[in-house]
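Student: okay, structure incoming, though there's no sequence with it:
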């Protein structure tokens, strides 16, 4: 059985494990925490657990809360240092709030602060998976946020939409619900006359991306529709459904699932665990640009051979994750390189029979082996 409609997100038989992401603008208003609204959401989470679902919360709000306490302008996002300081103060209040409200329903909250590297590095990713699994088995509700106090511009998610999708991969969740300040994906800017809400999307294409607008309408969060579509792409490669719905209303989960107001992105494939992790990676060390013949071979399930490489970009070592791109710039696959960047540059365009003479040792069979590659 698969998730095919928004109401399925409230069905424990179809959606045993659900990730709910809460944006900053929903949790924090002009006058502080929107406590009454949050109490209603927590009641919905408790009800989901009572019907047999496991729930993981990805909660924004630490920077906004900390900025208010420290008196920082621009919501604490005026500089990286401001954001880091605001997060350090606000995270205490945020985790305490979730613990208090979940505790009122007899539910234990658990805090996890993750960085991009925690989910990009394979060993740390598996550690996160083990921790999440154990917490859920013990009956806790993990409350996750990016560790903004230590994350830098170069190694951070920057939004909790993509973090939620990666957490869903790590936790092997069935679905993700992104609660935002919009009802879902519209066929154009929702401020325009005649804009139509799309109830269902099967695959995030270039045309779907063209419908998105970049920024957060509240000015408080760091995401926008573009980041939500990127989250949907991450989820769909792992066979995970993702929904976008408005959290501006009371009981937002019920509004999305019972009233079917939102956009549901249905997965087109289900990669195995390692390939789902690889396909969902956000930070790649470099790129291999390939010719049309190699691109066709990848589409048929072949490994990437050096003869098809026409350009090497970036500095990477053997085992690093790299993008595989067409000469036109389209990303075709992610893979783990069998050679470092300098070796790839020496081998590119040459047939396998020439490799030993070029390198001075017996070469490996491919630049990127198909077992260490996921075609996007």
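Tutor: The structure has been received and is ready for your questions. Nothing here was measured: the structure is a model prediction, and the numbers come from that model. Numbering: from 1, shown residues only.
Student: now the helices for the stretch 101-250 of the chain?
Tutor: Using DSSP state H, counting those that start in this stretch, the helices assigned to the stretch 101-250 of the chain run over residues 116-120, 122-137, 160-171, 206-210, 225-237.
Student: most tightly surrounded among those?
Tutor: Mean neighbour count (mean count of other Cβ atoms under 10 Å) peaks for helix 160-171 among those, with a mean of 28. For glycine as for every other residue, the C-beta is placed from the backbone atoms N, C-alpha and C.
Student: any idea of the angle that one forms with helix 225-237?
Tutor: 10 degrees (axes from the mean of the first three to the mean of the last three Cα atoms, to 10 degrees).
Student: elements contacting helix 160-171?
Tutor: Counting contacts by 3 or more Cβ pairs under 8 Å, 6 or more residues apart in numbering; DSSP states H and E, helix 160-171 packs against strand 17-22, strand 54-59, helix 116-120, helix 122-137, strand 141-146, strand 175-180, helix 225-237.
Student: for residue 203, find the nearest of these.
Tutor: Residue 203 lies closest, by Cβ to Cβ, to one member of the helices and strands packed on helix 160-171: helix 225-237, at 6.9 Å.
Student: so what touches that closest one?
Tutor: Identification of contacts with helix 225-237 by Cβ atoms under 8 Å, 6 or more residues apart in numbering yields 158-159, 161-162, 164-166, 168-169, 176, 178, 180, 182, 185, 201, 203-204, 208-209, 211-214, 241-242, 244, 265-269, 271, 276, 279-280, 374, 376.
Student: now render the helices and strands packed on helix 160-171 as JSON lines, adding mean pLDDT.
Tutor: Listed next are the helices and strands packed on helix 160-171 as JSON lines, based on pLDDT from 0 to 100:
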{"stretch": "strand 17-22", "mean pLDDT": "98"}
{"stretch": "strand 54-59", "mean pLDDT": "98"}
{"stretch": "helix 116-120", "mean pLDDT": "88"}
{"stretch": "helix 122-137", "mean pLDDT": "94"}
{"stretch": "strand 141-146", "mean pLDDT": "96"}
{"stretch": "strand 175-180", "mean pLDDT": "96"}
{"stretch": "helix 225-237", "mean pLDDT": "91"}
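Student: who are the packing partners of the helix or strand bottoming out on mean pLDDT in the chain?
Tutor: Lowest mean confidence among the helices and strands of the chain (mean pLDDT, DSSP states H and E): helix 273-279, at a mean of 80. Applying 3+ Cβ pairs under 8 Å, 6+ apart, we find helix 273-279 packed against helix 122-137, helix 225-237, strand 331-336, strand 373-375.
Student: same list as before, the helices and strands packed on helix 160-171 that is, but in JSON lines and with distance to residue 350 included.
Tutor: Formatted as JSON lines, the helices and strands packed on helix 160-171 follow (distance: least, Cβ to Cβ, whole Å):
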{"stretch": "strand 17-22", "distance to residue 350": "46"}
{"stretch": "strand 54-59", "distance to residue 350": "46"}
{"stretch": "helix 116-120", "distance to residue 350": "31"}
{"stretch": "helix 122-137", "distance to residue 350": "30"}
{"stretch": "strand 141-146", "distance to residue 350": "43"}
{"stretch": "strand 175-180", "distance to residue 350": "44"}
{"stretch": "helix 225-237", "distance to residue 350": "32"}
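Student: residue 66: which of the ones you listed is closest?
Tutor: Between residue 66 and those, the shortest separation by Cβ to Cβ is 11.7 Å, and it involves strand 141-146.
Student: so what's residue 48 up against?
Tutor: Neighbouring residues of residue 48 by Cβ under 8 Å, 6+ apart: 10, 18, 55, 253.
Student: what residue is smack in the middle of this protein?
Tutor: Taking Cα atoms, centre = their mean as the criterion, residue 162 is the residue nearest the geometric centre of the chain, at 2.4 Å.
Student: residue contacts, that residue?
Tutor: Counting by Cβ under 8 Å, 6+ apart, residue 162 makes contact with 227, 230-231, 234, 282.
Student: to residue 5, which of the helices and strands packed on helix 160-171 lies closest?
Tutor: The nearest among those, by Cβ to Cβ, is strand 175-180 at 11.2 Å.
Student: pairing partners for the closest one, with directions?
Tutor: Strand 175-180 pairs in its sheet with strand 17-22 (parallel), strand 241-246 (parallel), by DSSP bridges.
Student: circling back to that earlier point, nearest to residue 333, out of the helices and strands packed on helix 160-171?
Tutor: Closest to residue 333 of these, according to Cβ to Cβ: helix 225-237, at 11.6 Å.
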